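*Asks:* build the 3D model from these lines:
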Amino acid sequence: MFVTLQEGTRRRFLGTMGTGFGALALRALSGLEAQAAAARTAPDPLDPFAPRPAARPPKAKSVIFLFLVGGPSQIDTFDHKPLLQKLHGKPVPDSFRKAVEATRFANVFHGCKDELMASPFSWSQHGQSGLWVSNLMPEIARHADDLCVLHSLQADSNNHAPASYQLHTGDIRPGKASLGSWVTYGLGSENRDLPGYVTLFDAGPLGGAANYSNGFLPAAFQPTRLRDRGVPVLDLLPPPEFAQGQRDSLDLIRHLNLRHRDARPAFAEFEARIASYELAYRMQSAALEVGDADREPASLRRSYGLEHADPRTQAFGRKCLLARRLVERGVRFVQVYDMPDKDGWDAHDQLVKNHEPRARWTDAPVAALLADLKQRGLLDETLVVWASEFGRTPMMQGNLGRQHNAAGFTIWMAGGGVRPGVRIGATTTLGSWPSRSPSR
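*Replies:* Presented below is the predicted three-dimensional model:
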């Protein structure tokens with residue numbers, strides 16, 4: 001069985017999540033003292049990604065945030081509910097309905113049938129911790145003892161975009177700074193030739209760029225989108241006929257900018273602009289090198305799914321491999337989105353038809369990422385987060401589908417100093433909302 005935290009410890013842990021999941025990740029990176037130190041030490045506009053010291057040595061140096069857009073069902077992946085299996089096809093119990101309708105989550109019944117739906121997947125326990133995992137995630141299940149599973153998350157909205165904003169920024173309204181921006185603002189980055197905050201996606205999350213924006217923070221802390229195939233950044237290199245003189249051109253621009261700055265000593269942003277040109281120049285070679293996944297051994301590429309028959313497995317595998325290559329080189333925060341089509345994990349109808357292919361193209365790459373980080377000694381200093389904006393209901397919707405459920409859902413973390421083999425919180429016997437200590 002899982003180790004369960006004592007009540008007092010668990011409550012304090014969940015209390016850190018009150019303003020969104022970002023508070024938890026930042027605490028894992030630096031601790032409360034480091035947060036205070038970061039607030040006191042503003043980034044240097046001339047070198048915004050310079051590492052900023054923490055009050056005590058942090059266990060985690062980087063974050064890889066895996067976001068599965070659309071709301072995978074917690075009761076079909078990592079939150080096993082035997083009672084739900086027994087009550088398949090039965091009406092929703094009155095006690096259950098009244099309990100939910102007495103909360104702010106009464107809208108979870110909208111569009112649902114008055115019928116409970118068992119998980120269509122088989123379940124088994126894994127590892128010394130005894131983590132229950134459905135057969136949707138057989139490869140991640142091999143890492144059961146590395147996972148810290150949080151069962152009692154809640155969102156303040158049952159709609160995709162607001163719930164997604166809240167998980168990324170702590171607020172259901174767009175316009176706030178994202179977790180990746182806050183982490184790089186507070187801690188800087190350990191690589192001076194690559195961005196501190198990188199996003200990887202085919203199609204981004206529902207709600208768009210407000211999920212990963214720098215919000216009101218300086219523009220230096222917005223993410224840089226890299227491509228997982230080909231040249232990582234479009235138009236990264238100049239045309240061949242101009243490449244030879246590029247350095248001379250930048251030197252001339254720098255000289256003119258310095259003359260302009262010297263005539264206006266009160267405007268420090270000129271220095272920042274000069275520094276941005278230099279960073280862009282250094283990124284040219286660094287980004288090309290980090291994006292060259294062909295340098296990896298063939299066996300490792302296979303484990304990530306780069307030779308899989310399914311092109312979507314290949315695509316997500318390349319993103320996970322690139323995420324490892326980035327944090328290995330000191331990039332502070334890498335956001336990976338699984339959203340290769342318009343539906344994501346949004347299984348209002350035909351849950352099996354929706355979830356099975358998505359599990360197929362994400363399960364093996366995520367497991368390979370965990371194994372790769374661990375083999376390289378990077379897992380202890382890299383916080384890996386697997387999350388979505390909400391979960392799904394135990395009631396049936398449509399033809400064997402499930403409705404959104406913001407009342408109680410599951411995410412997991414690994415590495416970065418978190419306790420492995422631990423379950424935080426729990427949901428009710430039908431998996432609908434937290435039975436204790438909900439957290440937003």
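*Asks:* which strands and helices lie in contact with the lengthiest helix in the chain?
*Replies:* Secondary structure of the chain per DSSP state H: the longest helix is helix 351-375. Secondary-structure packing of helix 351-375 (3 or more Cβ pairs under 8 Å, 6 or more residues apart in numbering; DSSP states H and E): strand 62-68, helix 138-141, helix 298-303, helix 311-328, strand 333-338, strand 382-387, strand 401-405. Bear in mind the C-beta positions are built from the backbone N, C-alpha and C, glycine included.
*Asks:* the ones you listed: which one's closest to residue 104?
*Replies:* The minimum distance between residue 104 and the helices and strands packed on helix 351-375 falls on strand 401-405, with 12.9 Å, by Cβ to Cβ.
*Asks:* residue 175 versus residue 161, what's the distance?
*Replies:* Between residue 161 and residue 175 the distance is 12 Å, computed by Cβ to Cβ, to the nearest Å.
*Asks:* swap in residue 302?
*Replies:* Distance of residue 302 to residue 175, given as Cβ to Cβ: 43 Å.
*Asks:* go on, residue 146?
*Replies:* When distance is defined by Cβ to Cβ, residue 146 is 36 Å away from residue 175.
*Asks:* now residue 75
*Replies:* Distance from residue 75 to residue 175, by Cβ to Cβ: 33 Å.
*Asks:* neighbour count for those two, which is higher?
*Replies:* residue 75 (28 against 11; other Cβ atoms under 10 Å).
*Asks:* which residues touch that one?
*Replies:* 81, 84, 119, 391-392, 394, 431 (Cβ atoms under 8 Å, 6 or more residues apart in numbering).
*Asks:* now do the phi/psi pair for the residue lying closest to it once chain neighbours are set aside.
*Replies:* Closest residue to residue 75 apart from its sequence neighbours, by Cβ to Cβ, 6 or more residues apart in numbering: residue 431 at 4.0 Å. Main-chain torsions, residue 431, degrees, to the nearest 10: phi 70, psi 30.
*Asks:* might one say that residue 431 is in contact with residue 77?
*Replies:* No: judged on Cβ atoms under 8 Å, residue 431 makes no contact with residue 77 at a distance of 10.8 Å.
*Asks:* pLDDT weak spots in the stretch 51-200 of the chain?
*Replies:* Per-residue confidence for the stretch 51-200 of the chain (pLDDT under 70) gives no ranges below the cut-off.
*Asks:* which stretches in the stretch 201-350 of the chain count as helices?
*Replies:* 240-243, 246-262, 269-290, 298-303, 311-328 (DSSP state H, counting those that start in this stretch).
*Asks:* mean pLDDT for those: which is lowest?
*Replies:* Lowest mean pLDDT of those: helix 240-243, a mean of 63.
*Asks:* and stretch 67-82, how far apart are its ends?
*Replies:* Taking Cα to Cα, to the nearest Å, stretch 67-82 runs 27 Å from one end to the other.
*Asks:* list the buried residues of it.
*Replies:* Within stretch 67-82, the residues scored as buried using 16 or more other Cβ atoms under 10 Å are 67-81.
*Asks:* roughly how far does the nearest residue to residue 116 once chain neighbours are set aside sit from residue 117?
*Replies:* Closest residue to residue 116 apart from its sequence neighbours, by Cβ to Cβ, 6+ apart: residue 87 at 4.8 Å. Computed as Cβ to Cβ, the residue 87 to residue 117 distance reads 9 Å.
*Asks:* who has more neighbours, the two?
*Replies:* residue 117 (25 against 20).
*Asks:* count of residues packed around residue 370?
*Replies:* As a burial measure, residue 370 scores 25 neighbours (other Cβ under 10 Å).
*Asks:* pretty sure it is touching residue 146, no?
*Replies:* Yes: applying Cβ under 8 Å as the test, residue 370 and residue 146 come out as touching, 6.1 Å apart.
*Asks:* show me the contacts for the nearest residue to residue 401 once chain neighbours are set aside.
*Replies:* Using Cβ to Cβ, 6+ apart and skipping the chain neighbours, the partner closest in space to residue 401 is residue 349 (4.0 Å). By Cβ under 8 Å, 6+ apart, the contact list for residue 349 reads 397-401.
*Asks:* for the residue minimising distance to the centre of the chain, give the beta-bridge partners.
*Replies:* Among the residues of the chain, residue 65 comes closest to the average C-alpha position under Cα atoms, centre = their mean, at 2.4 Å. With DSSP bridges as the criterion, residue 65 is bridged to residue 335, residue 385.
*Asks:* those strands in the stretch 51-200 of the chain, which residues are they?
*Replies:* 62-68, 123-126, 131-134, 147-153, 197-200 (DSSP state E, counting those that start in this stretch).
*Asks:* look at the residue lying closest to residue 48 once chain neighbours are set aside and report its pLDDT.
*Replies:* Leaving aside its sequence neighbours, residue 48 sits nearest to residue 220 (Cβ to Cβ, 6+ apart; 3.9 Å). Note on residue 220: pLDDT of 84.
*Asks:* surely residue 220 meets residue 44?
*Replies:* No: between residue 220 and residue 44 there is no contact under Cβ under 8 Å: 10.1 Å.
*Asks:* for the closest residue to residue 112 other than its chain neighbours, which three-state class applies?
*Replies:* Leaving aside its sequence neighbours, residue 112 sits nearest to residue 395 (Cβ to Cβ, 6+ apart; 4.0 Å). Classification of residue 395 using DSSP: H, G, I helix; E, B strand; the rest coil returns strand.
*Asks:* looking at the helices and strands packed on helix 351-375, which is closest to residue 105?
*Replies:* The nearest among the helices and strands packed on helix 351-375, by Cβ to Cβ, is strand 401-405 at 7.9 Å.
*Asks:* okay, now residue 324: neighbour count?
*Replies:* 25.
*Asks:* do the same with residue 112
*Replies:* Residue 112 - counted by other Cβ under 10 Å - has 21 other residues nearby.
*Asks:* tell me the contacts of it?
*Replies:* Contacts of residue 112 (Cβ under 8 Å, 6+ apart): 393, 395-397, 403.
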